[in-house]
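J.: Everything below, folded, please.
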Amino acid sequence: MSSLSPFTFSTAIQGVQVKPLTQDGQQIRVRYNGLLDQSGANQVWIHGGLGDLNEWRDIKDYVMDKTGEGWEQTIELNDKQFNFCFRDSNQNWDNNSGANWIYRIT
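T.: Presented below is the predicted three-dimensional model:
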């Protein structure tokens, strides 16, 4: 994603938006209304990890909250890069055609 202004959601890319909540970008809000949401998922999780795209670490699943705008969750980061994808309760995955999504603090 391109450079983001704090406190503003990015332009949607494949149904994903990110909004920095702090000036340093270490707290973000992720909004998802992609393929899983469009297919009627009753629950969505962010599956994410920190660090290099090919060597994720501190991998966690974050339960997302359903809102009027899609599925949302706030994430606290302690690294400059957050790599993520999504899954639903039926173990269907949306990984951006294998590329996943990346939030990078520059």
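J.: And the strands in this protein?
T.: Remark: strands assigned in the chain by DSSP state E are 16-20, 27-32, 44-50, 57-63, 65-67, 70-76, 81-88, 93-94, 101-104.
J.: Including mean pLDDT, could these go into CSV?
T.: Below are the strands of the chain laid out as CSV (pLDDT from 0 to 100):
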stretch, mean pLDDT
strand 16-20, 95
strand 27-32, 97
strand 44-50, 98
strand 57-63, 97
strand 65-67, 97
strand 70-76, 97
strand 81-88, 98
strand 93-94, 98
strand 101-104, 95
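J.: nearest to residue 7, of those strands?
T.: Of all those, it is strand 16-20 that lies closest to residue 7, at 6.7 Å by Cβ to Cβ. C-beta here means a position set from N, CA and C on the backbone, and glycine is covered the same way.
J.: Export the strands of the chain as CSV, with columns for distance to residue 8 and mean neighbour count.
T.: Output for the strands of the chain, formatted as CSV (distance: least, Cβ to Cβ, whole Å; neighbours: other Cβ atoms under 10 Å):
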stretch, distance to residue 8, mean neighbour count
strand 16-20, 6, 21
strand 27-32, 10, 20
strand 44-50, 20, 21
strand 57-63, 21, 12
strand 65-67, 17, 12
strand 70-76, 15, 17
strand 81-88, 18, 22
strand 93-94, 24, 18
strand 101-104, 14, 17
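J.: want to throw the ones you listed into CSV with distance to residue 38?
T.: Shown next, in CSV, are those (distance: least, Cβ to Cβ, whole Å):
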stretch, distance to residue 38
strand 16-20, 13
strand 27-32, 10
strand 44-50, 11
strand 57-63, 19
strand 65-67, 14
strand 70-76, 10
strand 81-88, 11
strand 93-94, 10
strand 101-104, 16
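J.: if we compare those, which one ends up closest to residue 10?
T.: strand 16-20 (5.1 Å).
J.: Give me the angle between that closest one and strand 70-76.
T.: Interaxial angle of strand 16-20 relative to strand 70-76 (axes from the mean of the first three to the mean of the last three Cα atoms, to 10 degrees): 40 degrees.
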